[in-house]
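> need a 3D model of the sequence below.
(one chain, ligands or ions: 1)
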Amino acid sequence: MSLCPVCQTGRLQKRSMAFVEWHGRHLLVVNRMPAMVCDVCQERVYDYEAIEILQKLLWSQLPNRTEPSRAGIRKT
Ligand SMILES: [Zn+2]
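The predicted structure follows:
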């Protein structure tokens with residue numbers, strides 16, 4: 001069990017929380033994000049690994065990225 005970094009009293013419990021974050025003009029909502037929640041002050045500490053995976057996923061799906069269908073057509 002890890003101690004809460006904010007109140008130094010509560011203990012962090014593993015839970016699945018809703019995660020909401022703005023990325024530019026896009027709102028990102030994840031229904032079940034692994035997180036640690038303090039049982040005293042309710043501070044949420046999200047799983048950094050999960051956030052990293054999420055962001056990689058997000059960046060690979062950016063709309064302005066080169067479309068695979070057009071990649072081979074262009075002649076120089
Ligand atoms: Zn706390």
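> who are the neighbours of the helix or strand harbouring residue 55, in terms of helices and strands?
For residue 55, the element it lies in under DSSP states H and E is helix 48-59. Here helix 48-59 touches strand 26-38, going by 3 or more Cβ pairs under 8 Å, 6 or more residues apart in numbering; DSSP states H and E. Where you see a C-beta, it was placed from the backbone N, CA and C, and this is true even at glycine.
> where does the chain come near the ion, residue by residue?
By the rule Cβ under 5 Å from the ion, the part of the chain lying against the ion is 4, 6, 7, 10, 38, 40, 41, 43.
> could I get the phi/psi values of the fourth one?
Per-residue torsions, residue 10: phi -80, psi 170 (degrees, to the nearest 10).
> so what's it up against?
3, 4, 38, 39, 40, 41, 43 (Cβ atoms under 8 Å, 6 or more residues apart in numbering).
> could you rerun that using 10 Å?
Contact analysis of residue 10 by Cβ atoms under 10 Å, 6 or more residues apart in numbering lists 3, 4, 37, 38, 39, 40, 41, 42, 43.
> buried subset of the residues you listed as a ChimeraX selection?
Buried residues within the contacts of residue 10, by 16 or more other Cβ atoms under 10 Å, are selected in ChimeraX with:
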select :4,37,38
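> out of the contacts of residue 10, give me the two with the largest separation.
Longest distance between any two of the contacts of residue 10 is 14.9 Å, between 3 and 42; criterion Cβ to Cβ.
> where does this protein have low pLDDT?
Low-confidence segments of the chain, defined by pLDDT under 70: 1, 62-76.
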